[in-house]
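In: predicted model, plus sequence, below.
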Amino acid sequence: MVRARKERVAAILIQTRIRILLAKRRARELRSKHLRIRAAIAIQCAYRRMVASALVRSLLQELIENEAGVEIQRVARGMMARLMLARMKRRKIEDRAAIALQRRARGWLARSRVDRMRAELAKERARLANAAVLVQKVYRGHVDRLKTQSLLAALRQRKLLEANMAIRLQAGGRGMMARKRVRELRESRDESLLENARAWAESSPPEGGGASCYVHAETGETVWEAPAGGYTRLDGKLVLATGRVIDDPFLSMTEDEQRAKKLEKK
């Protein structure tokens, strides 16, 4: 037992040494990885600084060039503006002189022209009076034609609207009549299916066994095959010619409703 204890203690010591060695190796690997990461970060920072510095120098150079270009453009625009101003002043003086000459020439021409216009004014007034009468006549005719066309267009539009309304009313009436006719036909068909199913009743099989028979309610005729028009089962449900099995709606009516239904059939 002492030997087993010593072996266990020795095994624990060996495991402890091995764990210490593994931990030291893991720590060295982590320190090495951390140093590589820090070196990579330092290289990236230096590269980014270099790229940023180059970008800043490029931006500064571009800014200097833009400012120089703006200064050159400002000087050029100033020179052009002064030259244009000198030309405008010279042109203004020339225009004033030309206007004075034109004013005197126009005055002479206007006076001679007024004399001719006074002579022609009387003739023109008579011609204008006749033309005014003609224009008024043509304009009144045009206005009357426009009014007539507008009234005719309104009348045609009204007739077209009335025709469309009549067509819609007719279509609505025909649809209502058709739906009513369809409902009547469907009710008549359903009533015929119910009457055919009520006409035959399923009878209990005889005591000796065998298939059920079917008895006609009015004639008492007995058949052994299910009627094609439908029949009434033993539990009171109707088997229609279409194959549907439903409860007899006549049984769910009150006595007054049943009497009214019978009178309606008669």
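Out: Right, received. Where do you want to start? Numbers count the residues shown, from 1 in each chain.
In: CA atoms of stretch 176-189 as CSV?
Out: In CSV, the C-alpha atoms belonging to stretch 176-189 read as follows (Å, rounded to 0.1, in the frame of the first residue of the first chain):
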residue,chain,number,x,y,z
MET,A,176,-82.1,40.6,-62.7
MET,A,177,-84.7,38.7,-64.7
ALA,A,178,-82.2,36.1,-65.7
ARG,A,179,-81.0,35.6,-62.1
LYS,A,180,-84.6,35.3,-61.0
ARG,A,181,-85.3,32.7,-63.7
VAL,A,182,-82.2,30.8,-62.7
ARG,A,183,-83.3,30.8,-59.1
GLU,A,184,-86.8,29.6,-60.1
LEU,A,185,-85.3,26.8,-62.3
ARG,A,186,-82.9,25.8,-59.5
GLU,A,187,-85.7,25.7,-56.9
SER,A,188,-87.9,23.8,-59.4
ARG,A,189,-85.1,21.3,-60.0
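In: tell me the mean pLDDT for it?
Out: For stretch 176-189, the mean pLDDT works out to 86.
In: do stretch 214-234 as well
Out: Averaging pLDDT along stretch 214-234 gives 78.
In: quick one: it to chain centroid distance?
Out: 62 Å (CA atoms, centre = their mean, to the nearest Å).
In: cool, stretch 181-194 as well?
Out: Its chain's C-alpha centre and that of stretch 181-194 lie 45 Å apart, by CA atoms, centre = their mean.
In: ranges for the strands of the stretch 51-200 of the chain?
Out: Secondary structure of the stretch 51-200 of the chain (DSSP state E, counting those that start in this stretch): strands located at 200-203.
In: which residues touch stretch 235-250?
Out: 193-194, 196-198, 226, 228-233, 251, 258, 261 (CB atoms under 8 Å, 6 or more residues apart in numbering). Where C-beta positions appear, they are placed from N, C-alpha and C, glycine not excepted.
In: pick the one among those closest to residue 131.
Out: Lowest distance from residue 131 to these (CB to CB) belongs to residue 193, with 91.0 Å.
In: name the nearest residue to the closest one, ignoring sequence neighbours.
Out: residue 240 (4.7 Å; CB to CB, 6 or more residues apart in numbering).
In: tell me the bridge partners for that neighbour.
Out: residue 230 (DSSP bridges).
In: number of nearby residues for it?
Out: Using other CB atoms under 10 Å, residue 240 has 16 neighbouring residues.
In: give me the local confidence score for it.
Out: We have a pLDDT of 78 for residue 240.
In: how much space separates it from residue 246?
Out: Using CB to CB, to the nearest Å, residue 240 is found at 7 Å from residue 246.
In: which stretches of the stretch 151-266 of the chain form helices?
Out: 255-265 (DSSP state H, counting those that start in this stretch).
In: what's the ChimeraX line that selects buried ones from the contacts of stretch 235-250?
Out: Those of the contacts of stretch 235-250 that count as buried under 16 or more other CB atoms under 10 Å are selected in ChimeraX with:
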select :193,194,196,197,230,231,232
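In: pLDDT of stretch 117-132, averaged?
Out: In this model, stretch 117-132 carries a mean pLDDT of 88.
In: for it, C-alpha coordinates in CSV please.
Out: C-alpha atoms of stretch 117-132 as CSV (Å, rounded to 0.1, in the frame of the first residue of the first chain):
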residue,chain,number,x,y,z
MET,A,117,-50.4,110.3,-93.8
ARG,A,118,-52.8,113.2,-93.3
ALA,A,119,-53.7,113.1,-97.0
GLU,A,120,-54.3,109.3,-96.9
LEU,A,121,-56.1,109.3,-93.5
ALA,A,122,-59.5,110.3,-94.9
LYS,A,123,-59.4,107.6,-97.5
GLU,A,124,-58.3,105.1,-94.9
ARG,A,125,-61.1,106.0,-92.5
ALA,A,126,-63.7,105.3,-95.2
ARG,A,127,-62.0,102.0,-96.1
LEU,A,128,-61.8,101.0,-92.4
ALA,A,129,-65.5,101.8,-91.8
ASN,A,130,-66.4,99.4,-94.7
ALA,A,131,-63.9,96.8,-93.4
ALA,A,132,-65.3,97.1,-89.9
